[in-house]
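1. Fold the following, please.
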Amino acid sequence: MENLGKKLKELRREKNLTIKELSKIFVTSSTTISRWENETRTPSLDILLLYAKYFNVSLDYIAGLEN
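-> This is a model prediction of the structure:
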């Protein structure tokens, strides 16, 4: 999933959310969100599903398999 972090950051910014705001929504730390966006850590499938539901996109979109 190349550019996963870029896609996660793009989704967050489209909703005008800060990392801190998103971390409260997903009940995780700001550091964790930052690591996902900077691709130093990879979120679990459960987290990717939360992203898909929250941002109303498919997992294929998050993975960069569709526009």
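2. Contacts only, for Trp36.
-> 4-5, 8, 42-43, 47 (Cβ atoms under 8 Å, 6 or more residues apart in numbering). The C-beta positions use only the backbone N, C-alpha and C, and glycine is treated the same way.
3. 6 Å instead?
-> 8, 43 (Cβ atoms under 6 Å, 6 or more residues apart in numbering).
4. what element comes up after the helix or strand where it lies heading to the C-terminus?
-> For Trp36, the element it lies in under DSSP states H and E is helix 30-37. With elements assigned by DSSP H and E, the helix or strand that comes after helix 30-37 is helix 45-55.
5. Using PDB, write down the CA coordinates of that next one.
-> Provided in PDB are the C-alpha atoms of helix 45-55 (Å, rounded to 0.1, in the frame of the first residue of the first chain):
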ATOM      1  CA  LEU A  45      -7.000  -3.500   9.200                       C
ATOM      2  CA  ASP A  46      -9.400  -2.500  12.000                       C
ATOM      3  CA  ILE A  47      -8.100   1.100  11.900                       C
ATOM      4  CA  LEU A  48      -8.300   1.200   8.100                       C
ATOM      5  CA  LEU A  49     -11.900   0.100   8.300                       C
ATOM      6  CA  LEU A  50     -12.600   2.900  10.800                       C
ATOM      7  CA  TYR A  51     -11.000   5.300   8.400                       C
ATOM      8  CA  ALA A  52     -13.100   4.000   5.500                       C
ATOM      9  CA  LYS A  53     -16.300   4.300   7.500                       C
ATOM     10  CA  TYR A  54     -15.600   7.700   9.000                       C
ATOM     11  CA  PHE A  55     -14.400   9.300   5.800                       C
END
